[in-house]
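Novice: Just need the structure, nothing else, for what follows:
(chains A and B)
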Number of protein chains: 2
Amino acid sequence: MTQENIHNPVSIVGTGPGDPDLLTVRASRIIRSADVILYDCATAKPALSIASETAIIHEVNRQASAGKPSILELIEMYYHEGRKVVRLKVGDPMLFGGEIDECRALKALNIPFEVVAGITAGSSAASSYALPISLKYQSNSVTYIIADEPGADFALFRDASRLLRHGSTIVLYMATKNLENIFRVFVEEGVPETMAVFAVGKSGWPDESSAEGTMRDIVAQIELRQLKEPIIFFLGRHLTKEKHFPVMSACS
Amino acid sequence: MTQENIHNPVSIVGTGPGDPDLLTVRASRIIRSADVILYDCATAKPALSIASETAIIHEVNRQASAGKPSILELIEMYYHEGRKVVRLKVGDPMLFGGEIDECRALKALNIPFEVVAGITAGSSAASSYALPISLKYQSNSVTYIIADEPGADFALFRDASRLLRHGSTIVLYMATKNLENIFRVFVEEGVPETMAVFAVGKSGWPDESSAEGTMRDIVAQIELRQLKEPIIFFLGRHLTKEKHFPVMSACS
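Specialist: Next up is the predicted model:
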């Protein structure tokens, strides 16, 4: 509701991988009480199912386009009207969400905000399949990498691949189009082609599916099982086939 | 309720860092409807505040002790009584929770189970302080490491330190007692002592507090600000002072 002189802080809220059941309790309460909801990604849409019927909902384009207000202009306008503005982010806002730019802009505009953590797709997938991404004294680290822009020399990937030798897990986001090149540099760095890979398509969605294999055959397995994007890839020597479990999903 | 021949799957549920507000909606519903709740860590206690008054609650010791039933024996007994058993895990069950052993044991006992993801303390802390743990094209990976048993040669830490040169973020859990040695090997591997460090004590708790500095002075900063355990350490060149924000907490 619009109220003169009362300003609600802007909430940047992580939706988790999609399923509103994986929102945090705090996120759920904030979305329910929002006057205005802004989102820029279709995978945030399921969270809208719990919004108030009177909420103003905007699908916005991150890139400013001619004649249309930017996300920030919308946030600013609604904030100054005293409305409770919620900016949805898929997954975990601080992880690969690019939210820092918006946080900085809000700070520069002197608009108070809060960020509410969300479950990242790697975490929900690891839980869905009880993946041993960490294993006491055997797999003591997990590295999440966003792989849509790997850089010409794949330097980050080369260095990250060294962690695999310690039994650690690497989780790749947005890697599909660069997968062949990423695996090539991993092999160049000494990772065996038999390294276990577990892939989860549409983690947290009703049409979630998975494939398992090695760096050598995971692409074929993904095609065979027709995994849908977004796909999360887990690599690690503890992610071998016999260690997966027939975990129940959505049995709550 | 006990019902003949009806068996509820066991739920292994992540509580997030502590605050029940950071449970997922699914976790919250499962805890509310639990007949039996087992937990082994005081930081899981706040989640008990939403349990049914009639729920049987056990604080259990992970290590079996003489004359006392093990966690697994309790789970098995209550499961076969038809009760809805919930096993709480602080944070994210698959991340440093050691839950794989219990998952394997349940599988061997032919007891169906589900794992419900939780917000890890690193994620909640990053959100609380809007930490730029990932930054498009500048900080494309985040590595979580559990540092209570670093190994004699710190080999994992040596390799992980290489990621810092790419602007990536390293998040250390349970690192306090080994911090000096971890930083020593980081320096040996070429990480400048001026590398930014941000520390958060009791992430997600009412008495959460933080300190910022560099590898050189963070210990003094922690003492100055009297941070309480558990402390999460973030390292990365984007975590510099001027990039932090006065984020509101709990303004929902």
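
Novice: use CA for all of it now, contacts and neighbours both
Specialist: Noted.

Novice: In the lowest-mean-pLDDT helix or strand in chain A, which residues are buried?
Specialist: Least confident element among the helices and strands of chain A, by mean pLDDT, DSSP states H and E: helix A:99-108 (a mean of 83). Residues A:99, A:100, A:103, A:106 are the ones in helix A:99-108 that count as buried (16 or more other Cα atoms under 10 Å in any protein chain shown).

Novice: ditto for stretch A:204-220
Specialist: By neighbour count on 16+ other Cα under 10 Å, the buried set for stretch A:204-220 is A:204, A:208, A:209, A:210, A:211, A:212, A:213, A:214, A:215, A:216, A:218, A:219.

Novice: Which of these fall in strands?
Specialist: The strands, defined by DSSP state E, take in A:209, A:210, A:211, A:212, A:213, A:214 from the buried residues of stretch A:204-220.

Novice: and these as JSON lines, adding distance to residue A:31 and pLDDT?
Specialist: Putting those into JSON lines (distance: Cα to Cα, whole Å; pLDDT from 0 to 100) gives the following:
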{"residue": "A:209", "distance to residue A:31": "28", "pLDDT": "92"}
{"residue": "A:210", "distance to residue A:31": "30", "pLDDT": "94"}
{"residue": "A:211", "distance to residue A:31": "34", "pLDDT": "94"}
{"residue": "A:212", "distance to residue A:31": "36", "pLDDT": "93"}
{"residue": "A:213", "distance to residue A:31": "39", "pLDDT": "94"}
{"residue": "A:214", "distance to residue A:31": "41", "pLDDT": "95"}
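
Novice: for the stretch 51-200 of chain A, what spans make up the strands?
Specialist: Taking DSSP state E, counting those that start in this stretch as the criterion, the stretch 51-200 of chain A carries its strands at A:56-59, A:85-89, A:113-116, A:141-146, A:169-173, A:196-201.

Novice: Identify the bridge partners of the most centrally placed residue in chain A.
Specialist: Centroid-nearest residue in chain A: residue A:91, 3.7 Å away (criterion: Cα atoms, centre = their mean). Beta-bridge partners for residue A:91, by DSSP bridges, are residue A:16.

Novice: and it, what does it touch?
Specialist: Contact analysis of residue A:91 by Cα atoms under 8 Å, 6 or more residues apart in numbering or on different chains lists A:14, A:15, A:16, A:17, A:18, A:97, A:118, A:119, A:120, A:121.

Novice: one step back: ok, which of the buried residues of helix A:99-108 also contact chain B?
Specialist: A:100, A:103 (Cα under 8 Å from any Cα of the partner chain).

Novice: Closest to chain B out of the buried residues of helix A:99-108?
Specialist: residue A:100 (6.0 Å; Cα to the nearest Cα).

Novice: show me what contacts that closest one?
Specialist: Contacts of residue A:100 by Cα under 8 Å, 6+ apart are A:94, B:130, B:131, B:132, B:135.

Novice: Among those, which one has the most neighbours?
Specialist: residue A:94 (30 neighbours; other Cα atoms under 10 Å in any protein chain shown).

Novice: hang on, isn't it packed against residue B:129?
Specialist: No: in this structure, residue A:94 is not within contact of residue B:129 by Cα atoms under 8 Å, at 9.8 Å.

Novice: Minimum distance to chain B: which of the strands of the stretch 51-200 of chain A has it?
Specialist: The closest of the strands of the stretch 51-200 of chain A to chain B is strand A:141-146. By Cα to the nearest Cα, the value is 4.1 Å.

Novice: And the contacts of that closest one?
Specialist: With Cα under 8 Å, 6+ apart, strand A:141-146 has contacts from A:96, A:122, A:133-134, A:160, A:168-175, B:140-146.

Novice: Restrict that strand to CA atoms and write it as CSV.
Specialist: Provided in CSV are the C-alpha atoms of strand A:141-146 (Å, rounded to 0.1, in the frame of the first residue of the first chain):
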residue,chain,number,x,y,z
SER,A,141,35.9,-28.7,-0.6
VAL,A,142,33.3,-27.7,-3.2
THR,A,143,33.9,-25.2,-6.0
TYR,A,144,31.0,-23.6,-7.8
ILE,A,145,32.0,-22.1,-11.2
ILE,A,146,30.0,-20.2,-13.7
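
Novice: Report the distance from stretch A:197-209 to the chain centre.
Specialist: Here stretch A:197-209 shows a centroid-to-chain-centroid distance of 13 Å under the convention Cα atoms, centre = their mean, to the nearest Å.

Novice: got the end-to-end distance for it?
Specialist: Length of stretch A:197-209, first residue to last, Cα to Cα, to the nearest Å: 14 Å.

Novice: what do you get for stretch A:126-141?
Specialist: Stretch A:126-141: ends 14 Å apart by Cα to Cα.

Novice: So for that stretch, what gets flagged as buried?
Specialist: The neighbour-count check on stretch A:126-141 (16+ other Cα under 10 Å) flags A:126-137, A:139-141 as buried.

Novice: Among the residues you listed, pick out the one closest to chain B, please.
Specialist: residue A:141 (4.3 Å).

Novice: Not counting its neighbours along the chain, what's nearest that closest one?
Specialist: residue B:145 (4.3 Å; Cα to Cα, 6 or more residues apart in numbering or on different chains).

Novice: How many residues are close by that neighbour?
Specialist: Neighbours of residue B:145 under the rule other Cα under 10 Å: 26.

Novice: Next: residue A:98.
Specialist: If you count neighbours by other Cα under 10 Å, residue A:98 ends up with 17.

Novice: With residue A:228 instead?
Specialist: 16.

Novice: Cross-check the contact I'm expecting between it and residue A:201.
Specialist: Yes: assessed by Cα under 8 Å, residue A:228 is found in contact with residue A:201 at 5.1 Å.

Novice: Spit out the residues that contact these two alike.
Specialist: Common contact partners of residue A:228 and residue A:201 (Cα under 8 Å, 6+ apart): A:208, A:209.

Novice: Strand partners (parallel or antiparallel) of the helix or strand where residue A:38 lies?
Specialist: Taking DSSP states H and E as the criterion, residue A:38 maps to strand A:36-39. Sheet pairing for strand A:36-39, assigned by DSSP bridges, gives strand A:56-59 (parallel), strand A:85-89 (parallel).

Novice: quick one, which of the strands of the stretch 51-200 of chain A is nearest to residue B:155?
Specialist: Residue B:155 lies closest, by Cα to Cα, to one member of those: strand A:141-146, at 12.0 Å.

Novice: just the angle between that closest one and strand B:141-146, please?
Specialist: 170 degrees (axes from the mean of the first three to the mean of the last three Cα atoms, to 10 degrees).

Novice: Let me know the angle separating strand A:141-146 from strand B:169-173.
Specialist: 150 degrees.

Novice: What strands line up against strand A:141-146, and which way round?
Specialist: According to DSSP bridges, strand A:141-146 forms sheet pairs with strand A:169-173 (parallel), strand B:141-146 (antiparallel).
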